[in-house]
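Student: Need a 3D model of the sequence below.
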Amino acid sequence: MIITIGGLPGTGTTTMAKLICEMYNLDYICAGNIFREMAKERGMSLQEFSKYAEEHDEIDLEIDKRQIEFAKRGNVVVEGRLAAWMLYKNGIDVDIAIWLKAPPMVRCKRISERENEDVNKALKEMIDRENSERRRYKEIYNIDINDLTIYDLIIDSSKWDIEGVFSIICSAIDYYKKKDD
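Tutor: Residues are numbered from 1 along each chain as shown. This is a model prediction of the structure:
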């Protein structure tokens, strides 16, 4: 089984991806973690590295390459805003493609709490990061991150708590698995 989970920062993708892996005994790879590691290797903040990546397409291409190779093994959850797009474009069949969404201020507050920083600072950094990513995805891949037509399941994570969102996802996975039996 190959599941992708994407969403803008603060929607809960990492939390859900880890819960899915635990529940269904799947391996996990996260584009955001790869991006953070690459930023740290270069001694840059996420914002600095986002700007750097705008001028260096090889950053995004390396992240894609790592995700694609990992996904080819199967029995994985691939987390990332472009995970579903990258796998589909590379001929890898995705069983379930999930997108989580939430209003900007909900996401900003979550990020602020997670990063232990001021809400206004978190909001500015979130907007800057999203604008940078939106430009890069369009320029490098001709993908509009707001085009959700590729996703099988779209959930507003602000409407339920973690258990509620996870329950919806598990229902979708369980019904999908039952279909194959």
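
Student: which residues of the chain fall in strands?
Tutor: 2-7, 27-30, 76-79, 96-101, 153-156 (DSSP state E).

Student: Return the most buried member of those.
Tutor: Highest mean neighbour count of the strands of the chain: strand 2-7, a mean of 26 (counted as mean count of other CB atoms under 10 Å). Bear in mind the C-beta positions are built from the backbone N, C-alpha and C, glycine included.

Student: What's the separation between the most centrally placed residue in the chain and residue 121?
Tutor: Centroid-nearest residue in the chain: residue 80, 2.6 Å away (criterion: CA atoms, centre = their mean). For residue 80, the distance to residue 121 equals 24 Å [CB to CB, to the nearest Å].

Student: Tabulate the strands of the chain in a markdown table, adding columns for distance to residue 138 and mean pLDDT.
Tutor: Below are those laid out as a markdown table (distance: least, CB to CB, whole Å; pLDDT from 0 to 100):
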| stretch | distance to residue 138 | mean pLDDT |
| --- | --- | --- |
| strand 2-7 | 16 | 97 |
| strand 27-30 | 22 | 94 |
| strand 76-79 | 21 | 96 |
| strand 96-101 | 18 | 98 |
| strand 153-156 | 21 | 98 |
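
Student: Need the ones you listed in TSV (columns: distance to residue 108).
Tutor: TSV is the format used below for the strands of the chain (distance: least, CB to CB, whole Å):
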stretch	distance to residue 108
strand 2-7	14
strand 27-30	21
strand 76-79	20
strand 96-101	14
strand 153-156	16
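
Student: For residue 65, find the nearest of those strands.
Tutor: Among these, the nearest to residue 65 by CB to CB is strand 27-30 (11.6 Å).

Student: helices and strands around the closest one, which ones?
Tutor: Applying 3 or more CB pairs under 8 Å, 6 or more residues apart in numbering; DSSP states H and E, one finds that strand 27-30 contacts helix 13-24, helix 57-71, strand 76-79.

Student: looking at those, which is closest to residue 153?
Tutor: Taking CB to CB, helix 13-24 is the member of the helices and strands packed on strand 27-30 nearest to residue 153, at 10.9 Å.
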